[in-house]
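Undergrad: Kindly generate the corresponding structure for this input.
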Amino acid sequence: MDTSFTTPVAVVGGGPVGLLLALLLDLHGVPCVVFDAQENVPAQPRGSTHGARTMEHYRRLGLAERVRALGLPAGHAAGISFSTRYDAHPLALLPWPGTAEVLRRRETADRADPTPEPMHRANQMYVERLLRDHARSRPRITLCFGHTVTALREHAAHVDVDVRHEGGERTVRAGYVAGCDGGHSVVRRHLGIRYEGEGTLDQDVLGRRSTAAHLRVPTLYRDFLGGRAAWSNWAVNSELALNLIALNGVDEFFLLTSSVDPDTATAADLAGLVRRAAGRPLPVEVLSHRPWTAGAALVAESFGTGRIRLAGDAAHLFTPNGGFGMNTGMDDAANLAWKLAAAVQGWAGPRLLDSYGIERRPTALRNTHAARTLGQGLGAIARPALLEEDSAAGQAARAKTGAELAAYGTRTLETLGVQLGARYDGSPVVAEDGSAPGPDSFATYTPSAVPGGRAPHLWLDGRRTEGSSLFDRFGPGFTLLRLGPRAPAASGLEAAALRRGVPLRTLGLDDPLAREVYERPLVLVRPDQHVAWRGTHDPGDPDALWARLTGTP
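TA: Below is the predicted model of the structure:
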């Protein structure tokens, strides 16, 4: 058996979650190898929503501005439009700021603005290519695209990973394995872990088996959408319901529809469907299409054991409503990366890796439920034949359906609570202080420094550039915040971290707002930017605290 190729971590799956995990491992100083069966990043469009939390992870890697340069032009609207047909009756138009407006608003945002990186629309195929190219430039990351993982064998001190590629087969010896290999995960099947939850929605709008397609429609903006052009462009009537999601802001779109049979639909069928949605002839080029199952809310019964863990679609499958799927996977990667790094570097206790699933599985259940609820809301909206009538009854039907679609669309846009509100209350590696966090809200996010939640964000000065966010000052390991002019020393905590090999940066801030928001003069922030502990003085037994935070019995 050839095991000359060894790696601390093998990442199975080179999609966005696997690539982000690799890049965060690199940030923590840990080498890894990424295996993916595809030779290249797929050229087919998928999700387009990069939530605020995901954008914060890109910011940590110095990639946020490069991601914002991808996708729609800076001045393109990022909202949602609904029409009976693209050349017919408008139903609802929901404005949402595009990149240029987002950046303008950021320049004048309040110092306690919840996030340094608001949500961005850019299709996954563009961003995935950027992540891959950046990973390729990092010497600690080895990319093995065109390599299929066929089997895993776990041992006490390593995992043997069998890999097939054009040059033959070999076995790679890895300290740990992360399965980021999608809904048909080889890694999940090896572990014998099943999905639990609810399958596809039984509805004809983003339910059942659907079709996803990449289209070129060169005259849609000029001749049809005009001032109603948005990021997400719906045609909704009794005959069909489809969504054309803008990709480049010029002529390329991502089609999502349940109005054709995905197993038999041809390019001609899809082009004809778009022409019916438009209401009159227009040129349509179908670049690619594939079957796709919408409406699922499935979560793995376990996120892994021993030296093998699951993340992304291998751990949970979503309906696309709200764009929560990929983003939940990206936050999986942030949680898992520092725990794998701790295990590789020797400062993790035996329970730290187990805390990954304890923390992330409830978040996956929360987020899949949120997405499915949105999908059910869309499917419940009636589409009567009257919608297209030029009559008083038709006008009344359009007003009713338009109001319902607007309410649905607004709910899919206003999701900051889902994006930033994940908490790890009850985690064995969080030192709770008896304080109660605020209620979990779908739409709104209330910053809270109660241990378990994401650390509250602050701008530290009047600038909105790199280095001016509090998050920019956090270290790749733990960060100890000493807040206020009379913040106590924490020499015991610092010395105990040094003895245990725990990476720790101390950051002193004589900032009244920071002291007010965090409510305590001493706050420990984890490598994934969640609050681990806070207090009024150096803990009496710092070794016991670090033992808890690093998963040591």
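Undergrad: Doesn't residue 408 belong to a helix?
TA: Yes - according to DSSP: H, G, I helix; E, B strand; the rest coil, residue 408 belongs to a helix.
Undergrad: so what's it up against?
TA: 374, 377-378, 381 (C-beta atoms under 8 Å, 6 or more residues apart in numbering). The C-beta positions use only the backbone N, C-alpha and C, and glycine is treated the same way.
Undergrad: what would those residues look like in CSV with secondary structure, neighbour count and distance to residue 68?
TA: Converted to CSV, those look like this (DSSP: H, G, I helix; E, B strand; the rest coil; neighbours: other C-beta atoms under 10 Å; distance: C-beta to C-beta, whole Å):
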residue, secondary structure, neighbour count, distance to residue 68
374, helix, 24, 25
377, helix, 15, 30
378, helix, 24, 28
381, coil, 18, 33
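Undergrad: How far does the helix or strand where residue 372 lies sit from its chain's centre?
TA: Taking DSSP states H and E as the criterion, residue 372 maps to helix 352-379. Averaging C-alpha positions (C-alpha atoms, centre = their mean, to the nearest Å) puts helix 352-379 12 Å from its chain's average.
Undergrad: avg pLDDT for it?
TA: Regarding helix 352-379, the rounded mean pLDDT is 96.
Undergrad: Report the buried residues of that helix.
TA: 352-357, 359-364, 366-368, 370-372, 374-376, 378-379 (16 or more other C-beta atoms under 10 Å).
Undergrad: tell me what it is packed against?
TA: Here helix 352-379 touches strand 195-198, strand 297-300, strand 304-305, strand 308-310, strand 316-317, helix 325-345, helix 392-413, helix 416-420, going by 3 or more C-beta pairs under 8 Å, 6 or more residues apart in numbering; DSSP states H and E.
Undergrad: Show me which of the contacts of residue 408 is closest to residue 502.
TA: Checking the contacts of residue 408 against residue 502 by C-beta to C-beta gives residue 374 as the nearest, at 40.3 Å.
Undergrad: Tell me who's in contact with the closest one.
TA: Here residue 374 is in contact with 319, 321-322, 408, 411-412 (C-beta under 8 Å, 6+ apart).
Undergrad: got it, and residue 136?
TA: Applying C-beta under 8 Å, 6+ apart, the residues near residue 136 are residue 143.
Undergrad: swap in residue 236?
TA: By C-beta under 8 Å, 6+ apart, the residues touching residue 236 are 82-84, 91, 383, 387, 401, 405.
Undergrad: List the buried residues of stretch 244-254.
TA: Neighbour count says stretch 244-254 has 244-247, 249, 251-254 buried, by 16+ other C-beta under 10 Å.
Undergrad: Tell me the span between the first and last residue of that stretch.
TA: Length of stretch 244-254, first residue to last, C-alpha to C-alpha, to the nearest Å: 6 Å.
Undergrad: Same question for stretch 8-23.
TA: 14 Å.
Undergrad: pLDDT of that stretch, averaged?
TA: 98.
Undergrad: repeat for stretch 76-83
TA: Stretch 76-83 comes out at a mean pLDDT of 95.
Undergrad: hey, where'd the helices end up in the stretch 401-550 of the chain?
TA: 416-420, 470-473, 491-500, 512-518, 542-549 (DSSP state H, counting those that start in this stretch).
Undergrad: Let me see the residues that make contact with the fourth one.
TA: For helix 512-518, the surrounding residues in contact (C-beta under 8 Å, 6+ apart) are 111-112, 447, 449, 456, 458, 470, 481, 483-484, 509, 521, 534.
Undergrad: Report the buried members of the residues you listed.
TA: 447, 449, 456, 458, 470, 481, 483-484, 509, 521, 534.
Undergrad: sorry, back to before: out of the contacts of residue 236, which sit inside helices?
TA: 401, 405 (DSSP state H).
Undergrad: And the contacts of residue 236, which two are furthest apart?
TA: Checking the contacts of residue 236 with C-beta to C-beta, the most distant pair is 83 and 383, at 12.5 Å.
Undergrad: Quick check, residue 56 in contact with residue 117.
TA: Yes - counting by C-beta atoms under 8 Å, residue 117 is a contact partner of residue 56 at 5.1 Å.
Undergrad: And stretch 86-95, what's buried?
TA: 86-89, 91-94.
Undergrad: what distance separates stretch 122-142 from the middle of the whole chain?
TA: Centre to centre, stretch against its chain (C-alpha atoms, centre = their mean), the figure for stretch 122-142 is 16 Å.
Undergrad: I'd like the contacts of residue 236 laid out as a markdown table, including distance to residue 45.
TA: As requested, those are exported to a markdown table (distance: C-beta to C-beta, whole Å):
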| residue | distance to residue 45 |
| --- | --- |
| 82 | 21 |
| 83 | 22 |
| 84 | 25 |
| 91 | 25 |
| 383 | 26 |
| 387 | 28 |
| 401 | 28 |
| 405 | 23 |
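Undergrad: give me every residue that touches the most centrally placed residue in the chain.
TA: Closest to where the C-alpha atoms of the chain average out (C-alpha atoms, centre = their mean) is residue 327, at 1.0 Å. Residues in contact with residue 327 (C-beta under 8 Å, 6+ apart) are 49-51, 53-54, 419.
Undergrad: Let me know the closest of the residues you listed to residue 129.
TA: Among those, and counting by C-beta to C-beta, the member closest to residue 129 is residue 50, at 13.9 Å.
Undergrad: ok, now how distant is the nearest residue to residue 39 once chain neighbours are set aside from residue 222?
TA: Leaving out its chain neighbours, the residue that sits closest to residue 39 by C-beta to C-beta, 6 or more residues apart in numbering is residue 146, at 4.4 Å. Distance, residue 146 to residue 222, by C-beta to C-beta, to the nearest Å: 41 Å.
Undergrad: now do residue 40
TA: Residue 40 is 33 Å from residue 222, by C-beta to C-beta.
Undergrad: Kindly report the same for residue 507.
TA: For residue 507, the distance to residue 222 - C-beta to C-beta - is 52 Å.
Undergrad: strands paired with whichever strand in the chain runs longest, and their directions?
TA: Determined from DSSP state E, the single longest strand within the chain is strand 168-179. Looking at strand 168-179 with DSSP bridges, its partner strands are strand 6-12 (parallel), strand 159-165 (antiparallel), strand 308-310 (parallel).
Undergrad: for the shortest one, the distance to its chain's centre please.
TA: Translated: strand 308-310. 18 Å.
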